[in-house]
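Enquirer: This is a predicted model, with the sequence first.
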Amino acid sequence: MAESLTTEELQHNAHLRRDIEEQITRRFAAEDEVLRATLKAQTDAGLPQIQISPIQGRLLQVLIAANNAKKILEIGALGGYSGTWLARALPAAGKLITLEISAKHAETVRAAFARAGLSDRTEVRVGSASELLPTLQSEAPFDLFFIDADKVSYPIYLDWAIKLARPGSIIVADNNIRFGKPFQEPPPDADNAGIAAYNQRAASDPRLRSILLPMDDDGMDGFAVSVVLS
Ligand code: DHB
Ligand code: MG
């Protein structure tokens, strides 16, 4: 129990947690030159360094293998880092569609996919996800969804993911723990209210079986993972 630990012990545990994360990353989720180049290009393009961690990238790949995903929909591309993890786990005939609101960022993402040799199985669509999602119905169902865009719209994105899913589809959303802010009542701002509504729905919708995984930012943030049951 935390209250019985000395400051020294707490510090030791913090170091140990970091070491363990580094060991897991090195052994299971090491970045290669391509992923590092994607991050450098993201920085050079002036995009924020808010991509998922390598461990999160690897978890996405594990989930892709678990449900034999061939069609993936990503909402929010950023610099193409998560998209590279996703697309690399697809079979050759698989397809990742990623939605990106910024035309400029979309070019960075396309360049990243080209550099990674993934242009054949990826497509970047530019526009607001809320407007693009209704146009995807003819291409459904998707086997896996990765939501990592504006937090206010997370409940809308979850609605659409469920609509575009099949039984067995997996829906992953990033930043659903956010240092505990979505658990405050009421949540402190519109972004956290969006995440709170998503989490509430993920936890209680009878069509979903869900969990939150603290796995980034020293356990302070992480994924919501849901499996669509029916
Ligand atoms: C922010 C957004 C993200 O998707 C993330 O992973 C971290 C931070 C943000 O908007 O601050
Ligand atoms: Mg994120």
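Expert: Thanks, I have it. Ligands and ions are numbered 1, 2, ... in the order given.
Enquirer: What is the burial count for Ile24?
Expert: Neighbour count for Ile24, taken as other Cβ atoms under 10 Å: 15. From N, CA and C alone the C-beta is placed, and that goes for glycine too.
Enquirer: Same check on Thr98?
Expert: Neighbours of Thr98 (other Cβ under 10 Å): 26.
Enquirer: what helices or strands is the longest helix anywhere in the chain leaning on?
Expert: Criterion DSSP state H: the longest helix present in the chain is helix 7-28. If contacts are counted by 3 or more Cβ pairs under 8 Å, 6 or more residues apart in numbering; DSSP states H and E, helix 7-28 sits against helix 54-66.
Enquirer: ok, now how distant is the residue of the chain found nearest ligand 1 from ligand 2?
Expert: Nearest to ligand 1 in the chain, going by Cβ to the nearest ligand atom, is Ile50, at a distance of 3.8 Å. Distance from Ile50 to ligand 2, counting by Cβ to the ion, to the nearest Å: 6 Å.
Enquirer: Can you tell me the element that residue falls in?
Expert: Assigned by DSSP states H and E, Ile50 falls within no helix or strand.
Enquirer: where does the chain dip in pLDDT?
Expert: 1-2 (pLDDT under 70).
Enquirer: near ligand 1, which residues of it?
Expert: Ile50, Asp148, Asp174, Asn175 (Cβ under 6 Å from any ligand atom).
Enquirer: could you redo the last one with a cut-off of 8 Å?
Expert: 48, 50-52, 76, 78, 148-151, 174-175, 191, 216, 221 (Cβ under 8 Å from any ligand atom).
Enquirer: from memory Ile97 sits against Gly83, does it?
Expert: No: between Ile97 and Gly83 there is no contact under Cβ atoms under 8 Å: 9.8 Å.
Enquirer: Counting neighbours, go ahead and name the busier of the two.
Expert: Gly83 (30 against 18).
Enquirer: Which residue ranges of this protein form strands?
Expert: 71-75, 95-100, 122-126, 144-147, 170-173, 208-216, 221-228 (DSSP state E).
Enquirer: give me every residue that touches Ala196.
Expert: By Cβ atoms under 8 Å, 6 or more residues apart in numbering, the contact list for Ala196 reads Pro182, Phe183, Pro187.
Enquirer: no wait, Thr84
Expert: Going by Cβ under 8 Å, 6+ apart, the list of residues near Thr84 reads Val34, Leu35, Thr38, Gly57, Ala112, Phe113, Ala116, Leu118.
Enquirer: backbone phi and psi for Ala140, please?
Expert: phi -80, psi 160 (degrees, to the nearest 10).
Enquirer: Alpha carbons only: can I get stretch 18-31 in PDB?
Expert: Below are the C-alpha coordinates for stretch 18-31, written out as PDB (Å, rounded to 0.1, in the frame of the first residue of the first chain):
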ATOM      1  CA  ARG A  18      10.400   2.700 -16.200                       C
ATOM      2  CA  ASP A  19      13.000  -0.100 -16.500                       C
ATOM      3  CA  ILE A  20      10.300  -2.700 -16.900                       C
ATOM      4  CA  GLU A  21       8.600  -0.700 -19.600                       C
ATOM      5  CA  GLU A  22      12.000  -0.300 -21.400                       C
ATOM      6  CA  GLN A  23      12.600  -4.000 -21.200                       C
ATOM      7  CA  ILE A  24       9.100  -4.800 -22.500                       C
ATOM      8  CA  THR A  25       9.600  -2.300 -25.300                       C
ATOM      9  CA  ARG A  26      13.100  -3.700 -26.200                       C
ATOM     10  CA  ARG A  27      11.900  -7.300 -26.100                       C
ATOM     11  CA  PHE A  28       8.500  -7.100 -27.700                       C
ATOM     12  CA  ALA A  29       8.000  -3.700 -29.400                       C
ATOM     13  CA  ALA A  30      11.400  -2.300 -30.600                       C
ATOM     14  CA  GLU A  31      11.100   0.500 -33.100                       C
END
